[in-house]
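Peer 1: Predicted model follows, preceded by the sequence.
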Amino acid sequence: MSLRPFRIPQARPDIYRVEVDMRDAQKDIRDAALSSRPAGMDDKDFHRLSCFIEEECGIKMPPSKKVMLESRLQKRLRMHGIQTFKEYCDFLFSPEGTQQEMVHMIDVVTTNKTDFFREPGHFEYLANKVLPELCSGRAAIARTFMVWSAGCSTGEEPYTLTMVLSEFKEKSPDFKFMILATDISTRVLDAARYGVYDEETVGPVPFEMKRKYLLRSKDRSKGLVRIIPELRSLVRFRRLNFMEGDFGMREPMDIIFCRNVIIYFDRKTQENLINRFCKHMRPGGHLFLGHSETINGLNVPLVQVAPTVYRRP
Ligand SMILES: C[S@@+](CC[C@H](N)C(=O)[O-])C[C@H]1O[C@@H](n2cnc3c(N)ncnc32)[C@H](O)[C@@H]1O
């Protein structure tokens, strides 16, 4: 198959294909700063919370993160009308709190920064190297390619993948793919499923792809766009905590994007997780990590093929 190399063009002013009606979406997921703040968290409560977060979510919580944790949890205290972190911890670790509050606590402690076409070299490498190679055999063309955006946040990464893979499919019509997108945070998954973004957020999407894959709200003053239904239907969103037993995958993955996630984990947790990814990856499959993440020093069955791109032999 000879294909022109895929390059991500410069973003240009926006022109969209169709106008659609859409409801208001939350433009900013962060609440305004709180006017009244509870007294600081004492070391005992920080210890209870940080141990729990490290064990259950894998996210490192050294003492240097205490201020950040306090500030992120304040809105949960306010929400429940609770005055102190001690009271909050007692509630959180009670049977009722474990059932009702844990998921919200996890929502606020995770860091969800993401972008469309973040670290764009990865998408070029995917389109120009990985996909043509993976699709070279007859057997390969007959099946559906499985791609996993692991730690997908609000959906920018999996939707970027659907755009890049759809472009590839235009030139190779037999190519079929499916994207699984998972995250521990239910709040970001809700936003991702909805697939509505403000125009600033879709800024990095190349002009031609905006025309093909985004729809603008009928009311232009809202400044919102939505991913077209055809792309949304190609992504299966699911809550998944990397720290929990089995990933529950039925099919092995061809490509795993797990970018800007393991940076929050300690080395042992990173090694365990990447080994588990490898068990769910086809031989010849690829793992993409974030640009500040590496497998150096980890005992994992992968070889590096490009900066922060790894292949299972
Ligand atoms: C910084 S975002 C990265 C988003 C996207 N991959 C990117 O690079 O733009 C990290 C995401 O990992 C998720 N995450 C953190 N710990 C997790 C865990 N234990 N299991 C699953 N997802 C987790 C967070 O909720 C967050 O949405």
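Peer 2: That came through, no problem.
Peer 1: if I've got this straight, Arg216 is in a helix?
Peer 2: No: counting by DSSP: H, G, I helix; E, B strand; the rest coil, Arg216 falls outside a helix, being strand.
Peer 1: Isn't it up against Ile227?
Peer 2: No: with contact defined as Cβ atoms under 8 Å, Arg216 does not reach Ile227; the gap is 11.8 Å. Where C-beta positions appear, they are placed from N, C-alpha and C, glycine not excepted.
Peer 1: Compare these two (neighbour count), which wins?
Peer 2: Each of Arg216 and Ile227 has its neighbours counted (other Cβ atoms under 10 Å); Ile227 has more, 25 against 21.
Peer 1: What ranges does this structure have for its strands?
Peer 2: Under the criterion DSSP state E, the chain carries strands at the ranges 19-20, 144-150, 176-183, 196-198, 214-217, 224-227, 235-239, 253-258, 281-289, 303-306, 309-311.
Peer 1: Dump the ones you listed to TSV, plus distance to the ligand.
Peer 2: Output for the strands of the chain, formatted as TSV (distance: least, Cβ to the nearest ligand atom, whole Å):
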stretch	distance to the ligand
strand 19-20	26
strand 144-150	7
strand 176-183	5
strand 196-198	13
strand 214-217	18
strand 224-227	16
strand 235-239	8
strand 253-258	6
strand 281-289	9
strand 303-306	17
strand 309-311	14
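Peer 1: possible to save those strands as JSON lines with mean pLDDT?
Peer 2: Shown next, in JSON lines, are the strands of the chain (pLDDT from 0 to 100):
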{"stretch": "strand 19-20", "mean pLDDT": "44"}
{"stretch": "strand 144-150", "mean pLDDT": "96"}
{"stretch": "strand 176-183", "mean pLDDT": "97"}
{"stretch": "strand 196-198", "mean pLDDT": "97"}
{"stretch": "strand 214-217", "mean pLDDT": "94"}
{"stretch": "strand 224-227", "mean pLDDT": "97"}
{"stretch": "strand 235-239", "mean pLDDT": "98"}
{"stretch": "strand 253-258", "mean pLDDT": "97"}
{"stretch": "strand 281-289", "mean pLDDT": "96"}
{"stretch": "strand 303-306", "mean pLDDT": "98"}
{"stretch": "strand 309-311", "mean pLDDT": "98"}
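Peer 1: In this structure Pro301 contacts Pro313, no?
Peer 2: Yes: counting by Cβ under 8 Å, Pro313 is a contact partner of Pro301 at 7.1 Å.
Peer 1: Neighbour count for the two, which is higher?
Peer 2: A direct count of neighbours by other Cβ under 10 Å for Pro301 and Pro313 places Pro301 higher, at 13 against 7.
Peer 1: list the contacts for the residue lying closest to the more buried one once chain neighbours are set aside?
Peer 2: Computed as Cβ to Cβ, 6 or more residues apart in numbering, the closest residue to Pro301 that is not its neighbour in sequence is Cys278, at 5.5 Å. Taking Cβ atoms under 8 Å, 6 or more residues apart in numbering, we find Cys278 in contact with Leu287, Val300, Pro301, Leu302, Arg312.
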